[in-house]
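Q: Sequence and predicted structure are below.
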Amino acid sequence: MENHQITLRFLAEPTDVNFGGKVHGGVVMKWIDQAGYACAVNWCKQYAVTIYVGGIRFFKPIFIGNLVEIRARLVYTGNSSMHIAVDVYSKRPQEAEYVKNTHCMIIFVAIDDDGKQVNVPKFNPFTEEEKRLQDYAIRLMNLRKNIEEEMKEFY
Ligand SMILES: CC(C)(COP(=O)(O)OP(=O)(O)OC[C@H]1O[C@@H](n2cnc3c(N)ncnc32)[C@H](O)[C@@H]1OP(=O)(O)O)[C@@H](O)C(=O)NCCC(=O)NCCS
């Protein structure tokens, strides 16, 4: 496993079903959180909590019995925060090609035993793709400022 990314692969089980017979959206969100957590903790080497999840869009359903692949990539670090891009893919086990089901950005903050945030090692993008994803994370962070301003009455 590379330090900044992780892939989980498993079968969608009958217990993951929603009322329409496909995989429940909440189950997919749990998988995203788990993959993001593993990616974040592997990077900072200590406990981390989810502080934000955004932009989850379910493009296509996942079917029970599908092989599911969750790809989580660290794309940006702040002081204590780790921004992780997560893509969810699935396919019938006998098929060759995965389809993309979901994409989102999830952010974790490293915390110590007293629940205080701690600084994380800086992620330095190296490849063109890593640089592109870091720019994407920064643009999303700036866009979120307007969304948070709009939502702050409910915080
Ligand atoms: C994590 C926690 C200790 C952070 O404390 P806080 O005072 O709320 O956060 P701060 O304002 O100090 O910000 C901490 C980091 O989160 C980032 N952050 C804060 N609000 C954010 C938001 N809405 N979106 C993205 N990042 C955000 C900040 O930019 C900062 O990052 P940096 O250190 O890299 O600059 C606190 O929010 C917490 O305990 N939250 C609950 C976490 C949890 O239980 N998650 C599981 C779901 S129940």
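A: It's in. If you're wondering where the values come from, they're calculated on a predicted model, not measured in any experiment.

Q: Pairing partners for F58 in the sheet, please.
A: Bridge pairing for F58 (DSSP bridges) gives the partners T102.

Q: now it: how far from the ligand?
A: Using Cβ to the nearest ligand atom, to the nearest Å, we find F58 at a distance of 21 Å from the ligand. For glycine as for every other residue, the C-beta is placed from the backbone atoms N, C-alpha and C.

Q: K45 now?
A: Counting by Cβ to the nearest ligand atom, the gap between K45 and the ligand amounts to 16 Å.

Q: what sits against that residue?
A: Contacts for K45 (Cβ atoms under 8 Å, 6 or more residues apart in numbering) come out as none.

Q: repeat for K122
A: Contact criterion Cβ under 8 Å, 6+ apart gives T77 as the residues in contact with K122.

Q: Dihedrals phi and psi, N146?
A: The phi and psi torsions at N146 (degrees, to the nearest 10) take the values phi -70, psi -40.

Q: Hmm, I typed the wrong one, I wanted D114.
A: Recorded main-chain torsions at D114 are phi -90, psi 10, according to degrees, to the nearest 10.

Q: I'd like to know how many residues surround it.
A: With neighbours defined by other Cβ atoms under 10 Å, the count for D114 comes to 6.

Q: where's it relative to Y47, distance?
A: D114 sits at a distance of 11 Å from Y47 (criterion: Cβ to Cβ, to the nearest Å).
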